[in-house]
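Colleague: build the 3D model from these lines:
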Amino acid sequence: MMSLTKKFKYIILTIAFLFLTILGTVTYTWFVLINRTDSFVATAAKIDISYSIYLDGIMLEPDEFSIDTGTSTMTKTGIYSINVTDFEADDYIDNLRVDIHVNSTVDTYLRVSIIDALTLSTIDFEGNKGEVSIVDQPINYAFSREWDVNGTLYDDLFDAETALGGITINDTVTKIDHWFDNKLNDGYYYFPQVIEREMDSSPETISFIEEYDGDEFDTKSFGYTLQFAILVEAVQAGNMAPVYNWGLADTPWGGSW
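Modeller: All right, here's what the predicted structure looks like:
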């Protein structure tokens with residue numbers, strides 16, 4: 001019969017062997033895991049947007065306005081000055097273009113708000129300068145669109161006129177806007193479809209304001225200036241993000257997200 005001392009030694013050796021076996025397994029597992037390149041790589045999804053504003057093909061930087069009123073100086077920053085009086089000027093509104101750049105890594109919804117003011121420069125009899133905001137003359141911006149001419153889609157009317165040899169009253173012409181105007185409800189224009197993105201997607205550019213093709217801008221009188229800025233927002237398309245971030249249970253253009 002095995003003595004108590006031998007039994008004790010046997011138990012100790014068994015425990016030691018099991019401990020070394022477990023330690024070796026853990027060490028090997030840890031080594032394998034940290035050396036695997038196809039597992040445990042966590043890359044966070046991101047929403048990444050930016051925008052560019054152009055006048056006559058030149059990308060703009062925000063202006064800073066300073067008006068000396070005689071008694072004080074009024075300063076505005078982060079806005080763009082657009083010419084609305086001289087249709088031959090390089091900075092005339094006809095030459096305004098706005099592009100939205102999407103570099104998200106997940107499907108994205110996009111909306112844009114325009115913050116603008118048509119202003120009239122003033123000067124009083126003492127020579128003090130100022131400006132008056134004109135609120136009853138909304139600007140008919142040339143938002144991105146297509147044209148359906150007799151059932152065929154064209155990027156602009158010039159292409160349609162070239163293809164058809166001109167457009168007459170016998171042709172059926174329909175403008176198809178790429179943005180949904182919800183300005184009266186919440187001040188935003190919505191891109192009414194999911195912008196599909198993946199982790200390795202290339203940057204995508206979406207036109208917001210383009211040339212006045214088929215639309216006309218009513219030139220303003222001398223002294224008027226358009227002060228222009230935009231706010232661009234984007235959210236993940238999934239996980240009810242538009243509901244939680246924008247407070248919209250359904251899409252503004254109808255239907256669920």
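
Colleague: export the lengthiest strand in the chain as PDB, just CAs?
Modeller: Counting by DSSP state E, the longest strand found in the chain is strand 108-123. Listed in PDB are the C-alpha atoms of strand 108-123, where the atom choice follows Å, rounded to 0.1, in the frame of the first residue of the first chain:
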ATOM      1  CA  THR A 108     -24.700  57.200 -45.300                       C
ATOM      2  CA  TYR A 109     -27.600  59.600 -45.500                       C
ATOM      3  CA  LEU A 110     -26.900  63.200 -46.300                       C
ATOM      4  CA  ARG A 111     -28.600  66.600 -45.800                       C
ATOM      5  CA  VAL A 112     -27.600  70.200 -46.400                       C
ATOM      6  CA  SER A 113     -28.900  73.500 -45.100                       C
ATOM      7  CA  ILE A 114     -28.200  76.800 -46.800                       C
ATOM      8  CA  ILE A 115     -27.700  79.900 -44.700                       C
ATOM      9  CA  ASP A 116     -27.900  82.900 -46.900                       C
ATOM     10  CA  ALA A 117     -28.900  86.500 -46.900                       C
ATOM     11  CA  LEU A 118     -29.500  88.900 -49.800                       C
ATOM     12  CA  THR A 119     -28.100  92.200 -48.500                       C
ATOM     13  CA  LEU A 120     -28.200  95.800 -49.700                       C
ATOM     14  CA  SER A 121     -25.300  98.100 -48.900                       C
ATOM     15  CA  THR A 122     -26.400 101.400 -47.400                       C
ATOM     16  CA  ILE A 123     -24.800 104.700 -46.500                       C
END
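
Colleague: mind pulling up the pLDDT for residue 193?
Modeller: Per-residue confidence at residue 193 stands at 95 (pLDDT).

Colleague: from residue 91, how far off is it?
Modeller: Residue 193 is 33 Å from residue 91, where distance means Cβ to Cβ, to the nearest Å. Yep, even glycine has a C-beta here, placed from its N, CA and C like the rest.

Colleague: between the two, which has more neighbouring residues?
Modeller: Neighbours were tallied for residue 193 and for residue 91 using other Cβ atoms under 10 Å; the higher tally belongs to residue 91 (18 against 13).

Colleague: mind listing what the more buried one touches?
Modeller: With contacts defined as Cβ atoms under 8 Å, 6 or more residues apart in numbering, residue 91 is in contact with 55-56, 81-83.

Colleague: got CSV for those residues, with pLDDT, neighbour count and distance to residue 247 too?
Modeller: Supplementary listing: the contacts of residue 91 in CSV, determined by pLDDT from 0 to 100; neighbours: other Cβ atoms under 10 Å; distance: Cβ to Cβ, whole Å:
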residue, pLDDT, neighbour count, distance to residue 247
55, 90, 20, 35
56, 87, 13, 39
81, 87, 18, 33
82, 92, 23, 31
83, 92, 21, 37
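
Colleague: now the end-to-end length of stretch 233-240.
Modeller: Between the start and the finish of stretch 233-240 there is a gap of 16 Å, counting by Cα to Cα, to the nearest Å.

Colleague: so for that stretch, mean pLDDT?
Modeller: For stretch 233-240, the per-residue pLDDT values average out at 94.

Colleague: touching it from outside, list them.
Modeller: Contacts of stretch 233-240 from elsewhere in the structure, counted by Cβ under 8 Å, 6+ apart, are 45, 47, 49, 102, 104, 106-113, 188, 194-195, 241-242, 245-246, 257.

Colleague: in it, what counts as buried?
Modeller: Taking 16 or more other Cβ atoms under 10 Å as the neighbour-count basis, stretch 233-240 is seen to contain the buried residues 234-237.

Colleague: mind listing which of those are in strands?
Modeller: With strands defined by DSSP E, the entries of the buried residues of stretch 233-240 inside them are 234-236.
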